[in-house]
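> Got a predicted model here, sequence first, then my questions.
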Amino acid sequence: MMLFRLAIRNISRNRRRSIMTASLVAVGALALLMFGAFTTYIFAGLETGLVQRGGHLAVYRSGYFLFGPGNPAAYGIDDYQSVMRDINSDPVLHDMINVITPTQAVVGIAGNFNGGASASKTFFGIGLVGTDQEKMRQWNEHGASRPYVPDNRLSDPAASRGLIGRGVARMLGLCGALHVPNCPVPPPPVEAAGNAPALDPALADLAQSEQGTQSASGTAPQIDLLSATANGAPNIVSLEVAGVDTQPVKELDDNYVAMPLALAQQLVYGRGEHKVTGIVLQLHRTEDVPVARARLLALIAEWKLPLEVRDFRELNPFFVQVVALFSLIFLFLALIMVMIVLFAVVNTMTMNVLERTAEIGTVRAMGVRRASIRRLFLAEGAVLGALGASLGVVVAFIAIALVNHSGLQWTPPGNTDPIPFQLAWPTRPVLLLGTWLGLVLVATLATLPPANRAARSRIVDALRHV
């Protein structure tokens, strides 16, 4: 205790220099904590968006993750309802699961032949249970999502009502019918040179019948979805478009079609046995993912089913890349702050040693050992680091509170609409204590070279130093 009292008195001799050094340490702590709070919020926002859409875990037929998206019909899960019941009734998993729901992937061609239009494109569709999807959208463990707004467009009892991406609406000429803002109307088709072949009468009748259905059903447009069934035969269904669901990635937005699960199964399996390509599990807490995955794998092995389990990180490599990128940036920033603190403390303590050379010689002549001189200067560096780091922590909390109450908005990666700009409170021990202890340690170690110089100085030379 006496050692730190002496250290505080010594750094108070030149207050201006000590304040400037402690301020540099505080700036380092402020920068690290603010950027750490920002990256934590980014990670939480990305995770929330991914889990709301696709859950924490997904159970697929073996091989689907690598080969299934190109041929979903070949990778259906047999008797999926029994599998879901067994998973949900497991005593280990039951309390962890928030939502368990089936999904059906489908690929094919979407066409719009209503109102004289004639446009088609490939699509990637997903069959969902609307009520389950709505419950998943309410998950917000980290508080990093917009307030929940009910959306019953997929929960409607109509079995043929779905959503499409903004890009799909644009390319099929449905922007006007769906009242999509900032969506350009396609230019008129260019007439082909020469004699064009006549339209097949069957296709003409189909287009005419669809146009009649559209006018009779009201204002909601319809599109035709063409895909191959599990046995390879072509199949077609009509989908009433309830609106647009803009996707965060353009490639997905240009091909996205969401529909009720029953309609997707009808399109893929026709009159055969209806299966699903995935069973999605959304947990109450993300920290339960490793335990839940291990339990699922154990159950699958016990039941001897040809299934595999993937978590949301494997299904979304972009998330892993963003985490790695921001972690690397944080490390680079930490190295810069460490170098600034290091040179600032070394410069300050070197000046202190030079100014107190005669004093060092006097106390050494009185019998004070070199180790005591070294400990005294190291204590001064530790006190400077502790004062600066503590000040930086206090200022960081004040700055985070100001930012969170500023009303700023932004559109983070993985989102299509702006949300309030927030910073996560740096309450994680790794971030808060790591920053504080790290800067104190750096300030203490930076004092070591000047302290060694002071301790090794000869008594005679120190006493006659001017």
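Structure's in. What do you need?

> what about the helices in the stretch 151-300 of the chain?
Ranges of helices within the stretch 151-300 of the chain are 166-171, 175-178, 201-217, 250-253, 261-269, 289-303, based on DSSP state H, counting those that start in this stretch.

> Where among the ones you listed is average confidence lowest?
Note on those: helix 201-217 shows the lowest mean pLDDT, a mean of 46.

> how about the strands in the chain?
57-61, 97-112, 119-128, 161-164, 222-228, 234-244, 256-260, 278-283, 307-311, 409-410, 419-420 (DSSP state E).

> May I see those organised as a markdown table, with mean pLDDT and mean neighbour count added?
In this view, the C-beta of every residue, glycine as well, is placed from N, C-alpha and C. Formatted as a markdown table, these follow (pLDDT from 0 to 100; neighbours: other Cβ atoms under 10 Å):
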| stretch | mean pLDDT | mean neighbour count |
| --- | --- | --- |
| strand 57-61 | 96 | 24 |
| strand 97-112 | 94 | 21 |
| strand 119-128 | 92 | 20 |
| strand 161-164 | 93 | 26 |
| strand 222-228 | 92 | 20 |
| strand 234-244 | 91 | 18 |
| strand 256-260 | 94 | 24 |
| strand 278-283 | 97 | 25 |
| strand 307-311 | 96 | 18 |
| strand 409-410 | 80 | 10 |
| strand 419-420 | 76 | 14 |
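
> Neighbours of Tyr80, how many?
Number of residues near Tyr80 (other Cβ atoms under 10 Å) recorded here: 19.

> Looks like it contacts Pro102 (just checking).
Yes - between Tyr80 and Pro102 there is a contact under Cβ atoms under 8 Å: 5.6 Å.

> can you list residues touching both of those two?
Residues touching both Tyr80 and Pro102 by Cβ atoms under 8 Å, 6 or more residues apart in numbering: Val276, Ile279.

> any low-confidence regions in the stretch 351-466 of the chain?
When residues are selected by pLDDT under 70, those of the stretch 351-466 of the chain lie in 412-417, 464-466.

> can you list the domains in the protein?
Domain segmentation of the chain under automatic domain parsing yields 2-46+320-463, 63-305.

> ok, Thr122 to Arg310 distance?
When distance is defined by Cβ to Cβ, to the nearest Å, Thr122 is 25 Å away from Arg310.

> ok, now Glu273?
Distance from Glu273 to Arg310, counting by Cβ to Cβ: 24 Å.

> and what of Ala386?
46 Å.

> Same question for Gln81.
21 Å.

> between the domains of the chain, which one is nearest to Leu57?
Among the domains of the chain, the nearest to Leu57 by Cβ to Cβ is domain 63-305 (4.4 Å).

> measure the closest one end to end?
13 Å (Cα to Cα, to the nearest Å).

> now swap in stretch 257-273 and tell me
For stretch 257-273, the end-to-end distance is 23 Å (Cα to Cα).

> swap in stretch 56-64?
End to end - Cα to Cα - stretch 56-64 spans 17 Å.

> Next: stretch 360-371.
Start-to-end, stretch 360-371 (Cα to Cα) is 12 Å.

> now stretch 226-234
Using Cα to Cα, the end-to-end distance of stretch 226-234 comes to 7 Å.

> hmm, who's touching that stretch?
73-74, 76, 106-111, 235-236, 267-270, 272.

> Would you tell me which one of the residues you listed comes nearest to Gln321?
Val107 (25.5 Å).

> show me the contacts for the nearest residue to that closest one once chain neighbours are set aside.
Leaving aside its sequence neighbours, Val107 sits nearest to Phe124 (Cβ to Cβ, 6 or more residues apart in numbering; 5.6 Å). The contact partners of Phe124, by Cβ under 8 Å, 6+ apart, come to Pro69, Ala105, Val106, Val107, Leu252, Asn255, Tyr256, Val257.

> Format the domains of the chain as CSV; extra columns: distance to Gly55.
Conversion of the domains of the chain to CSV gives the following (distance: least, Cβ to Cβ, whole Å):
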stretch, distance to Gly55
domain 2-46+320-463, 15
domain 63-305, 4
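
> between those domains, which one is nearest to Gly54?
That would be, of these and by Cβ to Cβ, domain 63-305, which comes in at 6.4 Å.
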